[in-house]
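Asks: got a predicted structure plus its sequence, pasted below:
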Amino acid sequence: MHYAISDVHGCYYELIDLLDKINFNKKDTLYIIGDTVDRGEANVDVLQFMMEHKNIVPLLGNHELMALQVLPAIIGKSNDDINILMQGESFRNALKQWYYNGGIVTVEQILQLPVEEQQKILEYMQGFKLYDKITIKGINYLLIHSLPEKKDAYKHIDDGTYSTMSLLFGRPNFDRPDYYKFDEDIIIVIGHTPTAVIPSAIPGRYFKCGNIVNIDCGCVSGRSLGVLCLETGNVVYTKSRYRRL
């Protein structure tokens, strides 16, 4: 089976519980569609678990994008070294943006590791793909963390029309389901926007908007973590251990 999860955000125990529920095994493939880290309590545990499983395909989210603007400069560095780096405006702004978006826990956890393990995690994250395409039972799937609002944005993900940042930080307009009904046979699976903030969605459950399926069920904000089976279209959930925001 092929599965998709998004926005784990360091919710390691929920991830393990969810994979147990679906009896995830080495014959399966799991796509994690970005935002594996930040805000949650067990970011390194999530990354190390993913690294141990070759059948987990990691995709880039906006939180990994922010991390990769900072981590290469601080791996193996002391606090004094980082303070010197903070004198540079570009690095300082990148670090502030990441911290503001929940990256401080991730930084602290990574820097507590031996330098060799820090480097392994960095190299692993540098290998995250922007998107993936897969055909299951004749249905074409595009897996990507998010997309800008424009209807045909998915057709321009690698032709230079949009920067990686605008793709990963963009958000479809979930109030316009008819707008996202495409003529071609494609389903776009994304995350990024917790379904709890979409007025017409059920909080903590996946949301279908035309041909777009949003599977960010808001685990780190106290809702749930959901996994979509691409073969069946079924979604299985596990309850968050976090306080609801």
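Replies: Received it, and whenever you're ready, just let me know what you need.

Asks: now do the contacts for the residue most central in space within the chain.
Replies: When C-alpha atoms, centre = their mean is applied to the chain, the residue found nearest the centroid is G34 (1.8 Å). Residues in contact with G34 (C-beta atoms under 8 Å, 6 or more residues apart in numbering) are 6-7, 59-64, 128, 145-146, 168, 191-192. Bear in mind the C-beta positions are built from the backbone N, C-alpha and C, glycine included.

Asks: Q109 now?
Replies: For Q109, the contact set (C-beta under 8 Å, 6+ apart) comprises N43, V44.

Asks: could you pull out the helices for the chain?
Replies: For the chain, the helices defined by DSSP state H occupy 12-21, 43-51, 62-68, 71-74, 79-85, 89-100, 104-111, 115-126, 164-169.

Asks: packing partners for the helix or strand bottoming out on mean pLDDT in the chain?
Replies: Sorting the helices and strands of the chain by mean pLDDT, DSSP states H and E puts helix 79-85 at the bottom, at a mean of 88. Helix 79-85 makes packing contacts with helix 71-74 when contacts are defined by 3 or more C-beta pairs under 8 Å, 6 or more residues apart in numbering; DSSP states H and E.

Asks: who's in contact with the helix it packs on?
Replies: With C-beta under 8 Å, 6+ apart as the criterion, helix 71-74 contacts D81, I82, L85, F91, V107, I110, L111, L122, M125.

Asks: filter these down to the buried ones.
Replies: I82, L85, F91, V107, I110, L111, L122, M125 (16 or more other C-beta atoms under 10 Å).

Asks: reformat the residues you listed as a markdown table; add distance to G40.
Replies: Output for the buried ones among the contacts of helix 71-74, formatted as a markdown table (distance: C-beta to C-beta, whole Å):
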| residue | distance to G40 |
| --- | --- |
| I82 | 23 |
| L85 | 26 |
| F91 | 25 |
| V107 | 13 |
| I110 | 14 |
| L111 | 17 |
| L122 | 19 |
| M125 | 16 |
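
Asks: ok, how many other residues are close to the closest residue to G138 other than its chain neighbours?
Replies: Nearest residue to G138, sequence neighbours excluded (C-beta to C-beta, 6 or more residues apart in numbering): D185, at 7.7 Å. For D185, the count of nearby residues is 10 (other C-beta atoms under 10 Å).

Asks: could you do M86 as well?
Replies: 12.

Asks: could you measure from it over to G102?
Replies: As judged by C-beta to C-beta, to the nearest Å, M86 and G102 stand 19 Å apart.

Asks: ok, now which ones touch V189?
Replies: Counting by C-beta under 8 Å, 6+ apart, the residues that V189 touches are A4, S6, Y31, I33, Y141, L142, L143, I144, V213, I215, L228, L230.

Asks: contacting residues for the fifth one?
Replies: With contacts taken as C-beta under 8 Å, 6+ apart, Y141 has the following neighbours: K133, I134, T135, I186, I187, I188, V189, L230.

Asks: pLDDT value on it, please?
Replies: Y141 carries a pLDDT value of 98.

Asks: bridged to it, which residues?
Replies: I134, I187 (DSSP bridges).

Asks: circling back to that earlier point, can you turn the buried part of the contacts of V189 into a ChimeraX selection?
Replies: In ChimeraX, this line selects whichever of the contacts of V189 come out buried by 16+ other C-beta under 10 Å:
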select :4,6,31,33,141,142,143,144,213,215,228,230
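
Asks: let's have the contacts of V189 in TSV, adding distance to N173.
Replies: TSV is the format used below for those (distance: C-beta to C-beta, whole Å):
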residue	distance to N173
A4	22
S6	19
Y31	24
I33	20
Y141	21
L142	18
L143	20
I144	17
V213	15
I215	18
L228	22
L230	25
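
Asks: so which of the contacts of V189 is the closest to V236?
Replies: Taking C-beta to C-beta as the measure, V236 lies nearest L228 of those, at 8.5 Å.
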